[in-house]
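# Dropping a prediction and its sequence here:
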Amino acid sequence: MAPVEAATLVDMGPTLGDLTPNSVLVTWHTNQPTVAWLEVDGLKIGEGGPTHTHRVRLEGLKPGQTYWYTIKATAGEESDSIGPHSIRTPEESLTNWTFAAYGDSRSRPAQHRQVVAAMLGANPRLILHTGDLVADGEVLEQWYHFFPVIGTFARNLPFYPSLGNHEHNSSLYYELLPLPSGGGDYQSEWYTFTFGNCQFFALDSCRRIAEQTEWLRGQLAQPRPEGVDWRFAIFHHPPFSSGLYGGNQTIQEQWCPLLEQGGVAAVFVGHDHIYERSLHEGVYYVMLGTGGAPLYIPGVNPNPYSQFAVRSLGFCRVDVTPMQLTLTFVNERSRQLDQVTVVKEPSADLTYR
């Protein structure tokens, strides 16, 4: 199967990830082994190959700046040039901003494209994915349908996914995506990162639960990084769900107590193809299996913690300030279907409305 969008050499990417005020990781794929590099301000950076998959960490950046980069690739007499595209580094004190989260884009690129178009209307600074990016992560052709859709944002905005069951923990997931360094396979199966005044924890709910439980316990026990006002987590299987599969009891027992005691404000999950907002012990669990896969029907399994559920494509827009965050579910037509606000009182207790 040929790539859905033709290119001379570069057929997937570029994709940005692990963006800090001073660096960014860029990945891309070529349809044959190539020598490739980045050009930034006329400088040639990270030349490597020949290989199909390429990753370059661009360092020495300054906070709050916009940089323009171009990807260059050569194979024999053939050459390719992709760009220029922009990278905007986070400011040193980024406290009022927006990010987006969604999941289960999986097997329907046309619907996935609708959700991505709506997300871009929210002007996010980063995008999270709760897993099941493709229908079968071990099949290279599946990724050819995924990357052209996220390419509308991922060449300019950092993308942070977590593993779903449909990825099958494939090596392609690790090779094609610019994942932060963490733990597990390829040292990126699970990870944490900080962006602005928020800290995020990405976990693999498909396997190695006990190992990640200890890792998460240690991470949450550490003092928050300086300037962090909010903590979030993303993983695939929901601990609470009224959808087709219901809640995952192992996650309920192993991870929820840690997240709830560790000051996490919201957890973004997928797997059940519905939107559902649940509140348990002061933490919102936001089901976002709404990125393009065939939709299910909410309310078929008991979920006493459910506050709102709907069968719809869409994403969650998260608007952040130092003392308040607002979670809004927006459908693929950019219509707001649900919203809740979390307010941090001066005592650091959280209230909900």
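Structure's in. What do you need? Residues are numbered from 1 along each chain as shown.
# what secondary structure does the residue nearest the centre of the chain sit in?
Geometric centre of the chain, nearest residue: Leu128, 2.2 Å, by C-alpha atoms, centre = their mean. Classification of Leu128 using DSSP: H, G, I helix; E, B strand; the rest coil returns strand.
# Equivalent analysis for Tyr186, please.
Tyr186 - assigned by three-state DSSP - is helix.
# Return the residues in contact with it.
Residues in contact with Tyr186 (C-beta atoms under 8 Å, 6 or more residues apart in numbering) are 171, 174, 179. In short, each C-beta sits where N, CA and C put it, glycine included.
# Could you confirm Leu216 falls within a strand?
No - secondary structure of Leu216 (three-state DSSP): helix, not part of a strand.
# Check what pLDDT the residue of the chain most remote from its centre gets.
Distance from the centre of the chain peaks at Glu77, with 37.0 Å (C-alpha atoms, centre = their mean). Here, the pLDDT recorded for Glu77 equals 92.
# can you check the one 10 residues further on too?
Per-residue confidence at Ile87 stands at 97 (pLDDT).
# which residues touch it?
Residues near Ile87 by C-beta under 8 Å, 6+ apart: 16, 19, 24, 58, 61, 66-69, 156.
# Over to Ala110?
Counting by C-beta under 8 Å, 6+ apart, Ala110 touches Gly292.
# name the element it belongs to?
Per DSSP states H and E: Ala110 is located in helix 109-120.
# Report the buried residues of stretch 87-95.
By neighbour count with 16 or more other C-beta atoms under 10 Å, stretch 87-95 contains the buried residues 87-90, 94.
# could I have it exported to PDB, CA atoms only?
Coordinates of the C-alpha atoms in stretch 87-95 are reproduced here as PDB (Å, rounded to 0.1, in the frame of the first residue of the first chain):
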ATOM      1  CA  ILE A  87       8.600  25.700  16.500                       C
ATOM      2  CA  ARG A  88       7.400  27.900  19.300                       C
ATOM      3  CA  THR A  89       9.200  27.200  22.600                       C
ATOM      4  CA  PRO A  90       7.300  27.700  25.900                       C
ATOM      5  CA  GLU A  91       8.000  30.900  27.800                       C
ATOM      6  CA  GLU A  92       9.900  30.700  31.100                       C
ATOM      7  CA  SER A  93       6.700  31.600  33.000                       C
ATOM      8  CA  LEU A  94       3.900  30.100  31.000                       C
ATOM      9  CA  THR A  95       0.800  30.100  33.300                       C
END
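# what's the span of stretch 63-82, first residue to last?
Chord length of stretch 63-82, first to last residue, is 25 Å (C-alpha to C-alpha, to the nearest Å).
# ok, now stretch 308-328?
Counting by C-alpha to C-alpha, you get 12 Å between the two ends of stretch 308-328.
# contacting residues for Tyr191?
By C-beta under 8 Å, 6+ apart, the residues touching Tyr191 are 179-183, 201-202.
# Kindly recompute the last result at 7 Å.
Neighbour list for Tyr191: 179-182, 202 [criterion: C-beta atoms under 7 Å, 6 or more residues apart in numbering].
# Need the mean per-residue confidence for the helix or strand harbouring it.
Using DSSP H and E, Tyr191 sits in strand 191-195. For strand 191-195, mean pLDDT rounds to 98.
# cool, and stretch 208-226?
Per-residue pLDDT values across stretch 208-226 average out to 96.
# Please, where are all the helices along the stretch 51-200 of the chain?
109-120, 140-154, 171-176 (DSSP state H, counting those that start in this stretch).
# Report the buried members of the contacts of Tyr186.
174, 179.
# which one of the contacts of Tyr186 is nearest Met323?
When the contacts of Tyr186 are ranked by distance to Met323 (C-beta to C-beta), Leu179 comes first, at 31.3 Å.
# any idea how far the closest one lies from Phe195?
Using C-beta to C-beta, to the nearest Å, Leu179 is found at 15 Å from Phe195.
# Equivalent analysis for Glu189, please.
For Glu189, the distance to Phe195 - C-beta to C-beta - is 20 Å.
# May I ask which helix or strand of this structure has the lowest mean pLDDT?
When each helix and strand of the chain is scored by mean pLDDT, DSSP states H and E, strand 350-352 comes last, with a mean of 51.
# of the contacts of Tyr186, closest to Val283?
If you rank the contacts of Tyr186 by distance to Val283 using C-beta to C-beta, Leu179 comes first, at 24.8 Å.
# what's the closest non-adjacent residue to the closest one?
Ser188 (3.7 Å; C-beta to C-beta, 6 or more residues apart in numbering).
# what about the one you found, how many neighbours?
By the criterion of other C-beta atoms under 10 Å, Ser188 has 21 neighbours.
# can I see the domain layout of this protein?
Listed domain ranges for the chain are 10-88, 97-352 (source: automatic domain parsing).
# mind checking the SS state of Pro304?
coil.
# ok, now how distant is it from Leu279?
Here Pro304 is placed at a distance of 10 Å from Leu279 (C-beta to C-beta).
# Would you mind telling me which of those two has more residues around it?
Counting neighbours by other C-beta under 10 Å for Pro304 and for Leu279 shows that Leu279 has the greater number, 16 against 8.
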